[in-house]
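# Everything below, folded, please.
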Amino acid sequence: LAENLSREDNDITIIDKNADALKKADEYLDVMCIKGNGLSTRVLTEAGVKEADLLIAVTNSDEMNMVCCLTSKKLGVDHTIARIRDPEYAEELSQLKEDLSLDMVINPEQAVAAEISRLLEFPPAMDVEMFSKGRVEMVEMMVTREMSIVNMNLKDIAKRFSSEILIGGVFRNDDVIVPKGNTIIQEKDTIYIVGRPSEVFHFCTKIGIHVQKIKNAMIMGGGRIAYYLAKYLDDMGIKIKIIEIDRKRCMELTELLNNVLVINGDGSEENVLLSENLSEMGAFVSVTGRDEDNLMAALLAKLYGVKKVVAKINRTSYSGVIKNLGLDNVVSPKLITANYILRYVRGLQNAMGNPVNSLYRIMNNKAEAIEFTANQFTKILDTPLSKLNIMAGILVAAIVRKHKIIIPHGNDVIKAGDNVILIAKEKKLIDLNDIVV
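Below is the predicted model of the structure:
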């Protein structure tokens, strides 16, 4: 989180009691480090909380995070964000935010579970991100030789298959391509399809992607992510089996979750997974606290023919290794949390401009998809896009006008109240006005 925020030219101060963690941060990041207790008014004052724009409390204790934010607000900080993960608190978040004057609450486990549920709802996708309260989605797909768009340019793809979606980005050999009409799609490209969810689904069907509904899923690990995910999947009508090594936790999950089969066993052992009919599962999700166990179990599930496999990792430095292993679906609580908080920080930097509604880092963090709301401060209203001098590397992917989804062309315009979805290559956009030279 500190790395992402400092990369965007924010002045960061880290408070921690762990001297080793601070030493590592001091060596690798452009941040100021203070050893101490984040609940201490003396330590907070020494760290400059009175002059700070934002305090983010992300310790392992929900209660400590809440008290830290409350104390900081009383000391004069403008905005606070707290990580609150306990499911009991999750049901009372709106009241907690009001009582503690919290500006934002982040629950990484619930956010990860929501992302995994979207992946299982649309199995062919490597990733699915939502914009404009779900009215527009961006689906990340790997192009395979069976797809009829291979070796076709985007202009012909729109004519033949659908003009209601947009291929807004292409990732090829670690290079980001912001595509144009003459861009040719190649096998093994990673493409980003933007449009109304139903249109994206129909487009995928037309180009030869078979979308089969998942009927049952096995979850390895019974922590908070598994709890939230099981509730999401139950609502989707998917039968769930959880494998958890801790017997006490198994009893807790059995009491908390209906319609879920909880098995006490070590999911990192092959014979345990096989005895629970791994090969018959429509999906396998590994969300234990150990990255190595999650990756090995995910590879095992692929080996035994499970069509949809998702692994959770905490160490983002594994990304290159994972790509070589052939795992398509990997989720990271750290990256998801960073995206949420970066969106909020961009909004603070742009208090008098166009609100930032969504922000996702894509294409190995070399590009981002971002959603702004146009308002009275937008200087490019009612001007055809073809007449705007839009910066190189920026694509206007979609415009949401009330209930209408517009895949824009040169004659389309942005109006006040529109939600505008952009894909930007290696650029930090704070305001919608930043897209023009």
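
# those strands in the stretch 51-200 of the chain, which residues are they?
Applying DSSP state E, counting those that start in this stretch to the stretch 51-200 of the chain gives strands spanning 54-57, 79-83, 104-106, 127-131, 136-142, 165-172, 175-177, 190-195.

# nearest spatial neighbour of V143, skipping sequence neighbours?
D189 (4.5 Å; Cβ to Cβ, 6 or more residues apart in numbering). Quick note: C-beta positions are derived from backbone N, CA and C, even for glycine.

# which residues touch the residue lying closest to E199 once chain neighbours are set aside?
With Cβ to Cβ, 6+ apart as the criterion, E199 has its nearest non-adjacent residue at 4.3 Å, and that residue is E164. Applying Cβ atoms under 8 Å, 6 or more residues apart in numbering, one finds that E164 lies in contact with 195-196, 199, 203, 405, 407.

# roughly how far apart are E164 and D103?
Separation of E164 from D103 (Cβ to Cβ, to the nearest Å): 37 Å.

# try V150
Distance from V150 to D103, by Cβ to Cβ: 47 Å.

# all helices of the stretch 101-250 of the chain, in order?
Secondary structure of the stretch 101-250 of the chain, counting by DSSP state H, counting those that start in this stretch: helices at 108-121, 154-160, 197-206, 224-235, 247-256.

# Could you list the buried residues of the shortest one?
Residues 154, 157-158 are the ones in helix 154-160 that count as buried (16 or more other Cβ atoms under 10 Å).

# Please apply the same query to stretch 74-88.
77, 79-85.

# okay if I get those residues as JSON lines plus pLDDT and distance to N354?
Below are those laid out as JSON lines (pLDDT from 0 to 100; distance: Cβ to Cβ, whole Å):
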{"residue": "V77", "pLDDT": "91", "distance to N354": "25"}
{"residue": "H79", "pLDDT": "91", "distance to N354": "19"}
{"residue": "T80", "pLDDT": "93", "distance to N354": "24"}
{"residue": "I81", "pLDDT": "92", "distance to N354": "21"}
{"residue": "A82", "pLDDT": "92", "distance to N354": "27"}
{"residue": "R83", "pLDDT": "90", "distance to N354": "28"}
{"residue": "I84", "pLDDT": "90", "distance to N354": "29"}
{"residue": "R85", "pLDDT": "87", "distance to N354": "32"}
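
# between those residues, which is closest to M138?
Using Cβ to Cβ, I81 comes nearest to M138 of the buried residues of stretch 74-88, at 24.8 Å.

# Now do the contacts for that closest one.
54-57, 69, 102-106, 341, 344.

# Which one among those residues sits at the bottom for pLDDT?
On pLDDT alone, Y344 ranks lowest of the contacts of I81, at 84.

# Quick check: that one vs S358, distance?
11 Å.

# So for the two, which residue has more residues nearby?
S358 (20 against 17; other Cβ atoms under 10 Å).

# Which residue, other than its chain neighbours, is closest to F201?
V211 (6.7 Å).

# Would you mind measuring from G169 to L233?
Applying Cβ to Cβ to G169 and L233 gives a distance of 29 Å.

# Pull the contacting residues for the closest residue to A217 other than its chain neighbours.
Spatial nearest neighbour of A217, chain neighbours left out: A283 (4.1 Å); criterion: Cβ to Cβ, 6+ apart. Residues near A283 by Cβ under 8 Å, 6+ apart: 120, 123, 214, 216-218, 238, 306-310.

# okay, A283: pLDDT?
96.
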